[in-house]
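[1] Below are the sequence and a predicted model for it; my questions follow.
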Amino acid sequence: MFLFQLLSFFLVACKDEEKEEDSKYDLSLYKRGDLLEVPRTLFTHFGIYLGDDRVAHLIPDILPVFSNNKSAISKMVTNNRLVLGVVAKVASVRVDSVADFAYGSQILVNHMDEVCSEPPLDGEEVVRRAEKLLGSVDYSLLWYNCEHYVMYCRYGMSISYQTYQFCTAVRKIVCSRMNSYLTALCGVGLSLYLGCVTPLTVLPTLLVSFTIWMAA
């Protein structure tokens with residue numbers, strides 16, 4: 001009896017939490033074709049609002065690799081499923097509710113309009129593009145992610161500012177003068193330690209260091 005009451009209380013609490021979560025977002029703030037943006041664990045996630053509490057978004061998901069259960073797959077994609085999907089490069093463009101898409105985060109609306117040099121397309125054209133691409137897609141964290149998808153739908157150009165910023169940061173780290181010095185020192189030091197200081201071992205090290213120096 002006690003377990004039944006405890007289970008009933010848990011179910012009621014879950015339903016109340018779901019209602020509270022759903023009521024967190026005012027759907028009147030969004031119109032068809034809007035670009036929605038939310039921060040997630042390691043990056044910003046993007047989607048296109050289709051109307052009627054529906055958001056189309058490209059999201060990695062590992063679950064389809066192990067299961068054909070459409071009911072389970074259609075449920076909200078958790079961070080664990082998402083991260084493992086990124087590693088496995090498994091993703092799809094799917095439609096979720098605003099609450100499931102946002103995953104508890106605040107939503108920015110059309111923030112990319114301030115960043116993108118191209119004007120947004122008509123809302124109905126944005127929705128048409130978003131719906132046309134529904135289904136499984138080839139995923140790449142750097143070359144085709146959720147931002148590439150929404151940028152194509154809303155602005156007609158498949159780019160990702162997150163990818164650009166990441167690559168710029170990596171370039172600053174890898175292609176730096178300090179890194180060229182360290183590469184040369186490590187290469188020469190390793191050759192001395194192994195006792196094989198020959199032109200065939202030293203020249204490649206110097207060539208790599210010179211390449212990094214010129215790219216810096």
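    Here it is on my side, so go on. Note that the coordinates shown come from a computational prediction; the quantities given were computed from them, not determined experimentally.

[2] so where do the strands sit in this structure?
    Counting by DSSP state E, the chain has these strands, from start to end: 35-39, 44-51, 54-60, 90-96, 108-109, 135-138.

[3] May I see those arranged in a markdown table, with mean pLDDT as well?
    Shown next, in a markdown table, are the strands of the chain (pLDDT from 0 to 100):
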| stretch | mean pLDDT |
| --- | --- |
| strand 35-39 | 94 |
| strand 44-51 | 96 |
| strand 54-60 | 97 |
| strand 90-96 | 96 |
| strand 108-109 | 95 |
| strand 135-138 | 90 |
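
[4] Show me the one of the ones you listed that comes nearest residue 120.
    Nearest to residue 120 among the strands of the chain is strand 35-39; the distance by CB to CB comes to 7.7 Å. The way it works is simple: take the backbone N, C-alpha and C, and place the C-beta from them, glycine included.

[5] Kindly state the domain boundaries assigned to this structure.
    Listed by automatic domain parsing, the domain ranges of the chain are 18-168, 175-215.

[6] Tell me which of those domains is the most buried.
    domain 18-168 (a mean of 16; mean count of other CB atoms under 10 Å).

[7] Residue 151 contacts residue 162, doesn't it?
    No - contact criterion CB atoms under 8 Å: residue 151 and residue 162 do not qualify, at 10.6 Å.

[8] coming back round to it: need the least confident one among the domains of the chain, by mean pLDDT.
    The stretch with the lowest mean pLDDT among those is domain 175-215, at a mean of 64.

[9] quick one on the thing from earlier: got the strands of the chain as CSV, with distance to residue 128 columns?
    Converted to CSV, those look like this (distance: least, CB to CB, whole Å):
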stretch, distance to residue 128
strand 35-39, 15
strand 44-51, 10
strand 54-60, 11
strand 90-96, 13
strand 108-109, 20
strand 135-138, 15
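
[10] Of all those strands, which one comes closest to residue 123?
    So among the strands of the chain, strand 44-51 is nearest, using CB to CB, at 9.1 Å.
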